[in-house]
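Colleague: I need the structure of the sequence given here:
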Amino acid sequence: MTDAEADRVLARLRRLVEIESPSTDVDAAREIAALLAQWWTDAGASVRLVDGTTGPHLVAEVRGEGAPLLLVGHTDTVWPRGTLAGEVPWVEDGDVVRGPGVYDMKSGLVAMIAAVERLRGRRHRAVRAILVSDEEIGSPHSQDLLRECAAGVAGAIGFESPHPDGAMKVGRRGSTRLRVRVRGRAAHAALDPDAGISAIDELVDQLVAIRAVVADSALQSEVLCNVGTISGGGRANVVPAEAAAEIGLRFLDGATEDRVLGALRALVPVRAGAVVETVVLSHRPAWSPSAADEGLLALVADAGRRIGQPVDGRPADGAGDANLLGSLGIPTIDGFGPRGGGAHAVGEHASLSSLAARIDLLEAVLAAV
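Modeller: Predicted structure coming up:
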């Protein structure tokens, strides 16, 4: 990488980080999408912006040989506006840069464009990129677009962060967030308790039942279950009429996922007159690594060998948009972003030398025709 290119990459990364783009901020999503659209257009891509509930999603097409490789990223972060001026400022410290979203995953967005720019005027693979604006909240509005963009591709590469040692992610746990909502009946807790139906008591019993479902020894693999929030009631002298819990579930395989989610959708009230409802808030299917995924990893590893970069891959626990693509049988790898750390934490940072190496690797992959 020349000094001029390094300066351009760093300047672009800073510009993206300085557009604070939390998932629900439509104006910020529009601003960052417009900037990225201009960069992709300048790199020779045909770009369209697709309106979404959380702001526009970007799709870029770069002509080349063969079926396109799909590059997958997101423009949103977990950080609210004001973070940059507060606890996570932009900092350049030698090889390390810090700032909200610098690692997850604005550095990956810069890597895509830089590699494509290098290929202008050369033979290379066709490229399709999709950058969604709702990944950090589970991509509830962009999954249909992801499916559309995956049609006819040779494979998909996600630009989330890699394993700490730089290894790619091949296979990831499925992730489902759901809310269990209970409706009971209010009554005076002392004067007429039998007229009431405690939504909180019902919810407690349902949570015990859910624990039994996810701990069933007949399941094919382990399920991680976290009750993240509980709400309900108002006063100690009133039988509560409403209660709810938000639950996060993680799955290793599709069969276990289907069985557990089916059981939770079919929860039956313990108390006569109570109503129990299960609402899925977001869902990313389990992605079990396949021979097709290993084939794409081997292709990337071959490109890496040509430029002196060892490439490895293994499953990961976190979920992202690659889950959907991998579960559809599309050859998929994730973790093509640079090394760093502190995703979703005040210590978020990325390595500039690793970013440069990822640009080199992506260039080699796309140039292998």
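Colleague: Can you pull up the most central residue in the protein?
Modeller: Of all residues in the chain, the one closest to the mean position by Cα atoms, centre = their mean is G320, 2.9 Å from it.
Colleague: can you pull the pLDDT of it?
Modeller: Looking at G320, its pLDDT reads 92.
Colleague: residue contacts, the nearest residue to it once chain neighbours are set aside?
Modeller: With sequence-adjacent residues excluded and distances taken as Cβ to Cβ, 6 or more residues apart in numbering, G320 is closest to E160, at 4.9 Å. C-betas here are computed from N, CA, C, even on glycine. For E160, the contacting residues are 104-105, 108, 169, 318, 320, 322, 334-337, by Cβ atoms under 8 Å, 6 or more residues apart in numbering.
Colleague: Using a markdown table, lay out those residues together with secondary structure and distance to E65.
Modeller: Output for the contacts of E160, formatted as a markdown table (DSSP: H, G, I helix; E, B strand; the rest coil; distance: Cβ to Cβ, whole Å):
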| residue | secondary structure | distance to E65 |
| --- | --- | --- |
| D104 | helix | 32 |
| M105 | helix | 28 |
| G108 | helix | 24 |
| K169 | strand | 27 |
| G318 | coil | 33 |
| G320 | coil | 28 |
| A322 | helix | 24 |
| D334 | strand | 24 |
| G335 | coil | 26 |
| F336 | coil | 21 |
| G337 | coil | 26 |
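Colleague: hang on, the earlier thing: does the residue nearest to the centre of the chain touch E135 like I think?
Modeller: Yes: with contact defined as Cβ atoms under 8 Å, G320 reaches E135; the gap is 6.6 Å.
Colleague: Lowest-confidence member of the contacts of E160, which is it?
Modeller: G318 (83).
Colleague: domains for this protein, by residue range?
Modeller: Listed by automatic domain parsing, the domain ranges of the chain are 3-172+286-367, 174-284.
Colleague: Which of those has the highest mean neighbour count?
Modeller: Among the domains of the chain, domain 3-172+286-367 has the highest mean neighbour count (mean count of other Cβ atoms under 10 Å), at a mean of 20.
Colleague: Work out for me the element A319 sits within.
Modeller: For A319, there is no host helix or strand (DSSP states H and E).
Colleague: which one in this protein is furthest away from the centre?
Modeller: Within the chain, the residue lying farthest from the chain centre (Cα atoms, centre = their mean) is L191, at 50.8 Å.
Colleague: Could you find the closest non-adjacent residue to R12?
Modeller: In space, and not counting its chain neighbours, R12 is closest to V110: 5.0 Å by Cβ to Cβ, 6+ apart.
Colleague: TSV for the contacts of E160, including distance to S290?
Modeller: Formatted as TSV, the contacts of E160 follow (distance: Cβ to Cβ, whole Å):
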residue	distance to S290
D104	26
M105	24
G108	23
K169	14
G318	19
G320	17
A322	13
D334	14
G335	16
F336	18
G337	22
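Colleague: Now do the SS call for I359.
Modeller: Here I359 is recorded as helix under DSSP: H, G, I helix; E, B strand; the rest coil.
Colleague: so what's it up against?
Modeller: 1, 9, 111, 114-115, 118.
Colleague: Kindly provide the distance from V279 to E242.
Modeller: Remark: distance between V279 and E242 (Cβ to Cβ, to the nearest Å) = 14 Å.
Colleague: Now for those two: what residues contact both?
Modeller: R181.
Colleague: What separation do you get for the residue farthest from the centre of the chain and V239?
Modeller: The gap separating L191 from V239 is 11 Å, by Cβ to Cβ.
Colleague: same check, this time on I330
Modeller: Distance of I330 to V239, computed by Cβ to Cβ: 51 Å.
Colleague: Tabulate the CA atom coordinates of stretch 308-326 in CSV.
Modeller: What follows is stretch 308-326, C-alpha atoms only, in CSV (Å, rounded to 0.1, in the frame of the first residue of the first chain):
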residue,chain,number,x,y,z
GLY,A,308,2.2,-14.6,1.8
GLN,A,309,-0.9,-14.4,4.1
PRO,A,310,-1.9,-17.6,6.0
VAL,A,311,-5.7,-18.0,6.2
ASP,A,312,-7.6,-20.2,8.5
GLY,A,313,-11.3,-20.4,9.7
ARG,A,314,-13.5,-22.0,12.3
PRO,A,315,-17.0,-21.6,13.8
ALA,A,316,-17.9,-18.7,16.0
ASP,A,317,-20.6,-18.0,18.6
GLY,A,318,-21.8,-14.5,17.6
ALA,A,319,-24.4,-14.1,14.8
GLY,A,320,-24.6,-11.8,11.8
ASP,A,321,-26.0,-11.5,8.3
ALA,A,322,-23.7,-14.3,7.2
ASN,A,323,-26.0,-16.7,9.2
LEU,A,324,-28.8,-16.3,6.8
LEU,A,325,-26.7,-16.7,3.7
GLY,A,326,-24.8,-19.7,5.1
